[in-house]
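# just coords:
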């Protein structure tokens, strides 16, 4: 790594006077885009997003309808086995549905399930954590006791109990079970964010700049929004970057166990669940969604690692 | 220290109580009954009534909870609805299997992670380091059941080295143990490396070197000793991760432990098994967290345990 050109680049980077002035955040973005793994991850995630949005135009067949003369359990064309069908590039599942189309539509679930619960978790967690950390008192006590209880539950176990309990209710059937998964992931996740925010606020509120803001008569609300939040943002962004793949993992695992997305709607975990009993006969129906999950998860991790190094080089491990 | 330990032990009681309460409330909020799992042959109403009476399900929910907690205090965990056997018997059979799987995985994880983390820190920015970082990233990122699919495809279907499912012989244990250990190993290797790098840069290491100690003595006696403190504290969370991981792995490989029992009982609304298993899991996690805090206090004299 430490080649001559890298050294020169580093020297140019350090030569502050000769380069364009950048803000703190601009600096972080610059560092993020210097990280090749993170950029590759961003490209993959962007592509996955496009595929999810354009799914109806990209998928050659319906992901749900069973064809009239189904050719089920077809293998991908490249395997060259006699169980292939030139119409189906990646083969078909046990009901004869096109795997390409199912994989494409399944990307929608993963993309949505990654971001919506994370948004809820951060909205709720940051608000509660900030209020508890800033004002202390009973809310703080309540939050801390509550986190103690939640911490005794393994995350996934809690998720599983919530989803299994409400699956048969009308709420559990909303949006093919997606609604329940959103809410369950949010319930399980917000406490950790609240605790993190609280810790940040407790450390920051004793600092001079908060005292200065207070002395010129800033309201608590203004102090929280303009002084505490921006300073606590870096670790929160990093946590959010890792919360997204965690949520995707949660959905995939629930669907794999058969308590996630309600069939026939495809999700990658769901496809593994359906294909697994026939794994030995048609391994690609299981391997392909597994590969999709792996690629997306790795991409998010690369971006998360990149963000962490970019936002706070001291945190680098 | 003793006072602190006692206080923490007492705090476990309300925590476990609330875990029981939340689980009970959620399980009761579930629509449907454990007796209507076969839609083709719904049982006669009078039989359902008799079952409800037997399991105490005809009483109001708060009363059921009080009754349940009272029984638990007398170590009576009820009877499984799905299996028609005492819960203590089911858990008694499954627990040794889960414990064996978990302990094997933890030992394997530590045996891989510690040397890997130490070596990659000592050879920072070499191929060894990049290789182990890559292993750590992949190991913590790829979900265990996805990893299990790749393992089965390569080692069971491709090379016919191991059987796919089951438990009992050493061959059966290899894949579940390795896959369960993988996530923990990757996580521990990452922490070990970071902690070693932190310790290597400390002033006392420079002092040790400058007074002419051999490199080996510096590394083992000064760096390693201090670097292991943060690692020891994350073994607890790693063990908790193994517990959570075990029920996915057990379901996947049909290992007859309590993890698989738990997943099956959740879909069958088998309340007594759900409750007992959740409490057991929560108990282990609380104990793991507590022992980490206590061990931390013992390993690092700089940390003064409050009061």
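Great, that's in hand. Remember, predicted model here, so these are calculated numbers, not experimental data.

# did I read that right, residue B:57 in a helix?
No - if the criterion is DSSP: H, G, I helix; E, B strand; the rest coil, then residue B:57 is coil and not within a helix.

# confidence score at it?
Note on residue B:57: pLDDT of 72.

# Quick check: phi and psi on it?
Backbone geometry at residue B:57, expressed as degrees, to the nearest 10, gives phi -80, psi 0.

# Report pLDDT for the residue nearest to it when sequence neighbours are not counted.
Leaving aside its sequence neighbours, residue B:57 sits nearest to residue B:64 (CB to CB, 6 or more residues apart in numbering or on different chains; 7.1 Å). Bear in mind the C-beta positions are built from the backbone N, C-alpha and C, glycine included. Confidence at residue B:64, expressed as pLDDT, is 80.

# pretty sure residue B:64 contacts residue B:52?
No - counting by CB atoms under 8 Å, residue B:64 does not reach residue B:52; the two are 10.8 Å apart.

# Mind splitting chain B into its structural domains?
Chain B resolves into domains spanning B:2-73, B:88-299 when parsed by automatic domain parsing.

# Please identify the most buried of the ones you listed.
Among those, ranked by average contacts under mean count of other CB atoms under 10 Å in any protein chain shown, first place goes to domain B:88-299 (a mean of 19).

# hang on, the earlier thing: can you put the domains of chain B in CSV and add distance to residue A:154?
Converted to CSV, these look like this (distance: least, CB to CB, whole Å):
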stretch, distance to residue A:154
domain B:2-73, 11
domain B:88-299, 4
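
# hey, least reliable of these by pLDDT?
domain B:2-73 (a mean of 76).

# Spit out the contact partners of residue A:199.
Taking CB atoms under 8 Å, 6 or more residues apart in numbering or on different chains, we find residue A:199 in contact with residue A:133.

# And it, how far from residue A:236?
Distance of residue A:199 to residue A:236, given as CB to CB, to the nearest Å: 11 Å.

# Can you name the helix or strand that the residue nearest the centre of chain A falls in?
Centroid-nearest residue in chain A, with CA atoms, centre = their mean: residue A:244, separated by 1.5 Å. Applying DSSP states H and E as the criterion places residue A:244 in helix A:229-256.

# how about that helix: buried residues?
A:229, A:232, A:234-256 (16 or more other CB atoms under 10 Å in any protein chain shown).

# is chain B contacted by it?
Yes - shown here: helix A:229-256 in contact with chain B (CB under 8 Å from any CB of the partner chain) through A:245, A:249, A:252-253, A:256.

# Let me have the residues you listed in a markdown table, adding pLDDT as columns.
Listed next are the residues of helix A:229-256 next to chain B as a markdown table, based on pLDDT from 0 to 100:
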| residue | pLDDT |
| --- | --- |
| A:245 | 88 |
| A:249 | 88 |
| A:252 | 89 |
| A:253 | 88 |
| A:256 | 87 |
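
# avg pLDDT for the strand or helix carrying residue A:7?
Element membership of residue A:7 [criterion: DSSP H and E] is helix A:4-14. Regarding helix A:4-14, the rounded mean pLDDT is 66.

# what does stretch A:108-123 give?
pLDDT averaged over stretch A:108-123 gives 88.

# Need the residues that contact it.
A:48-49, A:52, A:55, A:178, A:181-183, A:185-186, A:189-190, A:193, A:236, A:240, A:243-245, A:247-248, A:250-252, A:261, A:265-268, A:293, A:296, A:300.

# List, one by one, the residues from the stretch 51-200 of chain A near chain B.
So far as CB under 8 Å from any CB goes, the stretch 51-200 of chain A lies against chain B at A:148-149, A:151-157, A:160-162, A:164-169.

# Please verify my assumption that the residue nearest to the centre of chain A contacts residue A:300.
Yes - at 5.6 Å, residue A:244 and residue A:300 qualify as touching, with contact defined as CB under 8 Å.

# Figure out how far the lengthiest helix in chain A is from the centre of its chain.
Of all segments of type helix in chain A, defined using DSSP state H, the longest is helix A:99-135. Relative to the mean C-alpha coordinate of its chain, helix A:99-135 is positioned 7 Å out (CA atoms, centre = their mean, to the nearest Å).

# Moving C-terminal from it, which element do we reach first?
Heading C-terminal from helix A:99-135 (DSSP H and E), you reach helix A:137-152.

# Check the offset of the next helix or strand after that following helix from the chain's centre.
Next helix or strand after helix A:137-152 toward the C-terminus (DSSP H and E): helix A:155-166. Remark: helix A:155-166 is offset 19 Å from the chain centroid, using CA atoms, centre = their mean.

# what does helix A:155-166 rub up against?
A:150, A:172, A:180-181, A:183-185, A:187-189, A:250, A:253-254, A:257, A:259-260, B:23, B:26-27, B:29-30, B:244, B:247-248, B:263, B:266-267, B:274, B:278, B:281.

# Please apply the same query to stretch A:204-213.
A:133-134, A:222-223, A:226-228, A:231-232.

# which of those tops the neighbour count?
In terms of neighbour count, residue A:133 stands highest of these at 25 neighbours, by other CB atoms under 10 Å in any protein chain shown.

# That one is in contact with residue A:200, isn't it?
Yes - contact criterion CB under 8 Å: residue A:133 and residue A:200 qualify, at 7.3 Å.

# what helix or strand is the residue in the stretch 201-307 of chain B positioned nearest to chain A on?
The stretch 201-307 of chain B approaches chain A most closely through residue B:244 (4.0 Å), counting by CB to the nearest CB. Element membership of residue B:244 [criterion: DSSP H and E] is helix B:225-253.

# Against which helices or strands is that helix packed?
helix A:155-166, helix B:87-122, helix B:144-151, helix B:170-200, helix B:258-267, helix B:271-299 (3 or more CB pairs under 8 Å, 6 or more residues apart in numbering or on different chains; DSSP states H and E).

# Residue B:15 is nearest to which of those?
helix B:271-299 (6.0 Å; CB to CB).

# who in the stretch 51-200 of chain B is up against chain A?
Counting by CB under 8 Å from any CB, the residues of the stretch 51-200 of chain B near chain A are B:125, B:137-138, B:140-143, B:145-146, B:149-150, B:152-153, B:157, B:164, B:190, B:193-194, B:197.
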